[in-house]
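# just the structure for this:
(one chain, ligands or ions: 2)
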Amino acid sequence: MTSRGRFISLEGGEGVGKSTQVKALAAALEARGISCLVTREPGGSPGAEAIRELLLQGEETRWGAQAEALLFAAARADHVEKTIRPALEQGRWVLSDRFVDSSLAYQGGAGGLGIETVRSINAFAIGEHFPDRTLILMLDEGRDRAMERDRDASDRIGGRPSEYHHKVETAFRLIAAEEPNRVRLIDASGSPDEVTQRLVAALGDLLP
Ligand SMILES: Nc1ncnc2c1ncn2[C@@H]1O[C@H](COP(=O)(O)OP(=O)(O)OP(=O)(O)O)[C@@H](O)[C@H]1O
Ligand SMILES: Cc1cn([C@H]2C[C@H](O)[C@@H](COP(=O)(O)O)O2)c(=O)[nH]c1=O
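Ligands and ions are numbered 1, 2, ... in the order given. Got it, this is the predicted structure:
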């Protein structure tokens, strides 16, 4: 019987290097003989990618706080059902660029709904599919990097004011303190290779 793969999420605020690192981490794990599926949120399945457009495009007022949190959770339920669970059952490792902790930090911590309310919505959406390890990239200049990358094209949530994004970072620190076994804060400064080495080291106890 094939053993279940590991589920790893990369988290953090805007521009801290998640998309860069999720690919680099997959390459590092593949080099160790681990078959990886790289995915992202919001998105990662056809239905969830359609919901991504609804969430990230349009006016700030397009969705209220509750509707926004529920749309993220609906996208996540489809992502788990169609993409994550099948890959884990095949014994593959799933590396997701953002997952449930983004909802806890953005909609719960920064958006005013509260972390526990958003956790309960998501408990229904994901069932037992919490990540085995969540690596939160921390970098003070992440937002500057994102603004340099996006110029005037920030999405509906990335374009929110600095105070919102400070609250996101505070919430990520709180989540890490509450769940030290699952969640690790990772220094995302330095070269991409240096960051990848820190990520691999933070998975040391899960590696075969
Ligand atoms: N270690 C690094 N040093 C310098 N630049 C980096 C590093 N890692 C990523 N970058 C650059 O910083 C920018 C943001 O990186 P990336 O898109 O990977 O971040 P992200 O966390 O996925 O962002 P977002 O959440 O906003 O999508 C990109 O232009 C990327 O090329
Ligand atoms: C999963 C998830 C994401 N968000 C926000 C965070 C970002 O501003 C965007 C996604 O953009 P990216 O460039 O692909 O990182 O969505 C959120 O608010 N809540 C979530 O659950």
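
# got the contact list for Arg182?
By C-beta atoms under 8 Å, 6 or more residues apart in numbering, the residues touching Arg182 are Phe130, Pro131, Asp132, Arg133, Thr134. Using the backbone N, CA and C atoms, a C-beta is placed for each residue, glycine as well.

# residues contacting the closest residue to Thr170 other than its chain neighbours?
By the measure of C-beta to C-beta, 6 or more residues apart in numbering, the closest residue to Thr170 outside its immediate chain neighbours is Gly109, 6.5 Å from it. Contact analysis of Gly109 by C-beta under 8 Å, 6+ apart lists Ile115, Lys167, Val168, Thr170, Ala171, Phe172, Leu174.

# circling back to that earlier point, from the contacts of Arg182, which two are the most distant?
Farthest pair in the contacts of Arg182 (C-beta to C-beta) is Phe130 and Arg133. Separation: 10.1 Å.

# send the alpha carbons of the top helix by length along the chain over as PDB?
Longest helix of the chain, by residue count under DSSP state H: helix 162-178. Presented in PDB, the C-alpha positions along helix 162-178 are these (Å, rounded to 0.1, in the frame of the first residue of the first chain):
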ATOM      1  CA  SER A 162      -0.600  49.200   5.100                       C
ATOM      2  CA  GLU A 163      -2.500  48.900   8.400                       C
ATOM      3  CA  TYR A 164      -4.400  45.900   7.000                       C
ATOM      4  CA  HIS A 165      -1.100  44.200   6.000                       C
ATOM      5  CA  HIS A 166       0.500  44.900   9.400                       C
ATOM      6  CA  LYS A 167      -2.400  43.200  11.000                       C
ATOM      7  CA  VAL A 168      -1.900  40.200   8.700                       C
ATOM      8  CA  GLU A 169       1.700  39.900   9.900                       C
ATOM      9  CA  THR A 170       0.700  40.200  13.500                       C
ATOM     10  CA  ALA A 171      -1.900  37.400  13.000                       C
ATOM     11  CA  PHE A 172       0.600  35.100  11.300                       C
ATOM     12  CA  ARG A 173       2.900  35.500  14.400                       C
ATOM     13  CA  LEU A 174       0.000  34.700  16.700                       C
ATOM     14  CA  ILE A 175      -0.900  31.600  14.700                       C
ATOM     15  CA  ALA A 176       2.800  30.400  14.800                       C
ATOM     16  CA  ALA A 177       2.900  30.900  18.600                       C
ATOM     17  CA  GLU A 178      -0.300  29.000  19.100                       C
END
